[in-house]
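Q: I need the structure of the sequence given here:
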Amino acid sequence: MSLERISAEEALGSLGQFSDVIDARSEGEYAEDHLPGAVNWPSLHDDERKIVGTKYKQISQFEAKKLGAALVAKNIAEHIQRDVLDKPREWQPLIYCWRGGKRSGALALVLDQIGFKITLVDGGYKAFRAALVADLPQLAARFHYQVVCGPTGSGKTRLLQALKAEGAQVLDLEALANHRSSVLGAIPGVEQPSQKAFDSGIWSTLRGFDPAKPVYIESESKKVGNVAVPEGLITAMRASPCLQIELPEDERVALLLEDYDFFAKDVAFFCERLSALTEARGKAVVQDWQARARNGDVASVVRELLLKHYDPGYLQSMQRNFVQHAAARALSPQGRSAGAMTALARTLLTEGKTP
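A: Numbering: from 1, shown residues only. Next comes the predicted model:
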């Protein structure tokens with residue numbers, strides 16, 4: 001027997017040591033969240049779990065277990081036929097399921113009998129999630145952050161992307177959240193991750209960083225769409241040095257029209273999102289914006305959104321939440337273009353290497 005068990009805490013620190021990380025839960029459980037880098041080999045599929053669970057509750061535990069065993073055996077056989085026949089003897093996967101270990105244990109037993117070295121996570125995903133939540137605050141506190149601030153449309157995301165392309169450590173919360181923050185930040189056709197998956201994405205990204213180097217991050221609020229920034233990270237961000245990026249008003253409007261071009265392409269969606277501002281801006285103002293957008297004048301609506309909705313509360317919010325914002329270094333890129341942001345990123349990184 002070459003089957004080992006490790007704690008969730010041990011799994012946190014050793015994910016990269018395994019040939020594969022295998023999630024034996026159903027597709028739906030996997031989609032909600034999973035260990036970073038895990039592949040999904042369901043021992044029971046979503047519909048099968050439902051059938052077995054119904055039989056367990058309504059008919060008999062014994063009958064449900066017989067059916068479950070038959071389905072698990074069938075699915076494991078399919079995984080082996082599809083994914084294992086080409087694996088070398090040295091292949092060493094880490095396997096987990098939800099908590100009890102039955103689904104992962106069944107898969108592990110068969111793989112162990114073949115002759116592979118198998119490792120199981122004690123307590124499964126549930127224990128791993130608890131360990132990750134406990135580890136995230138202290139992991140976030142290990143890094144020195146450079147917080148990129150600036151009013152809406154000033155190019156914060158473009159600068160982060162340029163910094164990342166130049167090799168900097170960037171934690172892009174909006175990319176991880178599939179949301180551009182603010183009430184208008186939903187991306188058409190793109191679902192946000194679950195809170196658990198968002199946390200895992202942050203943890204996995206930070207885990208790959210070097211604590212000796214700065215981490216660039218945007219001055220997000222506590223929530224990015226429907227997901228919340230973990231408390232330990234938001235606390236570290238708000239105590240960190242700030243960079244204040246500024247663009248002229250016309251450049252900001254043009255940038256937003258480029259980055260939110262789907263609003264011009266789908267005016268109905270834009271008007272629906274504008275409705276969310278009724279309480280803040282008033283019914284008459286929002287209806288005027290919607291009418292102008294329907295008439296093709298999206299640009300003037302975007303300009304007024306900047307000047308009348310986003311800008312008034314921006315500085316107050318920054319001063320209230322980011323303690324070093326008053327001492328922020330001013331950044332003035334030569335326009336909104338990718339080239340301008342790349343030049344700014346290179347300047348920042350070159351200066352950062354100067355003794």
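
Q: got the domain boundaries for this protein?
A: By the record's domain assignment, the chain is partitioned as 3-133, 141-353 (automatic domain parsing).

Q: Can I get those domains in CSV including mean pLDDT?
A: Below are these laid out as CSV (pLDDT from 0 to 100):
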stretch, mean pLDDT
domain 3-133, 96
domain 141-353, 94
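
Q: Put together CSV for those domains, with mean neighbour count on each row.
A: Every C-beta, even on glycine, is put in place using the N, C-alpha and C of the backbone. Shown next, in CSV, are those (neighbours: other Cβ atoms under 10 Å):
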stretch, mean neighbour count
domain 3-133, 17
domain 141-353, 17
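
Q: tell me the phi and psi of the closest residue to Ala343 other than its chain neighbours?
A: Among residues not flanking Ala343 along the chain, Gln334 sits closest, at 6.8 Å (Cβ to Cβ, 6 or more residues apart in numbering). Torsion angles at Gln334 (phi, psi; degrees, to the nearest 10) stand at phi -80, psi 60.

Q: now do Trp203
A: The phi and psi torsions at Trp203 (degrees, to the nearest 10) take the values phi -60, psi -50.

Q: I figured it hits Gln138, correct?
A: No - with contact defined as Cβ atoms under 8 Å, Trp203 does not reach Gln138; the gap is 11.1 Å.

Q: Let me know the helix or strand that Glu4 is in.
A: Element membership for Glu4, per DSSP states H and E: strand 3-6.

Q: ok now the next helix or strand along the chain from that strand, how far from the chain's centre?
A: Later in the chain than strand 3-6, the nearest helix or strand by DSSP H and E is helix 8-14. The chain centroid and the centroid of helix 8-14 are separated by 20 Å under Cα atoms, centre = their mean, to the nearest Å.

Q: got the CA coordinates for helix 8-14 in CSV?
A: Extracted in CSV, the C-alpha atoms of helix 8-14 (Å, rounded to 0.1, in the frame of the first residue of the first chain):
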residue,chain,number,x,y,z
ALA,A,8,-5.3,20.4,4.9
GLU,A,9,-2.5,22.6,6.4
GLU,A,10,0.1,20.4,4.8
ALA,A,11,-1.8,20.4,1.5
LEU,A,12,-1.7,24.2,1.6
GLY,A,13,2.1,24.2,1.5
SER,A,14,2.7,21.3,-0.9
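
Q: Please name every helix or strand in contact with it.
A: If you count contacts as 3 or more Cβ pairs under 8 Å, 6 or more residues apart in numbering; DSSP states H and E, helix 8-14 packs onto helix 124-140.

Q: Which elements pack onto the helix it packs on?
A: helix 8-14, strand 93-96, helix 195-207, helix 231-238.

Q: If you count residues, where's the longest helix of the chain?
A: Counting residues, the longest helix found in the chain (DSSP state H) is helix 61-79.

Q: Off-centre distance for it?
A: Relative to its chain's centre, helix 61-79 lies at 34 Å (Cα atoms, centre = their mean).

Q: Against Gln161, how distant is Arg129?
A: 30 Å (Cβ to Cβ, to the nearest Å).

Q: circling back to that earlier point, so what secondary structure elements neighbour the strand holding Glu4?
A: Contact here means 3+ Cβ pairs under 8 Å, 6+ apart; on that basis strand 3-6 packs against helix 102-114, strand 118-121.

Q: If we use 7 Å, what do you get?
A: Here strand 3-6 touches strand 118-121, going by 3 or more Cβ pairs under 7 Å, 6 or more residues apart in numbering; DSSP states H and E.

Q: Partner strands of the strand it packs on, with direction?
A: Here strand 118-121 is paired, per DSSP bridges, with strand 3-6 (parallel), strand 93-96 (parallel).

Q: who touches the first one?
A: In this case it means strand 3-6. 108, 112, 118-122 (Cβ atoms under 7 Å, 6 or more residues apart in numbering).

Q: what's the answer for the last one, then?
A: Here strand 93-96 makes contact (Cβ under 7 Å, 6+ apart) with 11, 18-24, 35, 104, 107-108, 118-121, 124-125, 128.

Q: What of stretch 26-40?
A: With contact meaning Cβ under 7 Å, 6+ apart, stretch 26-40 is reached by 15, 20-23, 42, 44-46, 49, 96, 98, 128, 194, 196-197, 200, 204.

Q: OK, contacts around Ser19?
A: Residues in contact with Ser19 (Cβ under 7 Å, 6+ apart) are 91-93.

Q: among the contacts of strand 3-6, which two are most distant?
A: Asp112 and Asp122 (16.1 Å; Cβ to Cβ).

Q: could you pull out the helices for the stretch 151-300 of the chain?
A: Under the criterion DSSP state H, counting those that start in this stretch, helices of the stretch 151-300 of the chain are mapped to 156-165, 173-177, 195-207, 231-238, 249-259, 261-265, 267-274, 278-281, 283-294, 298-304.
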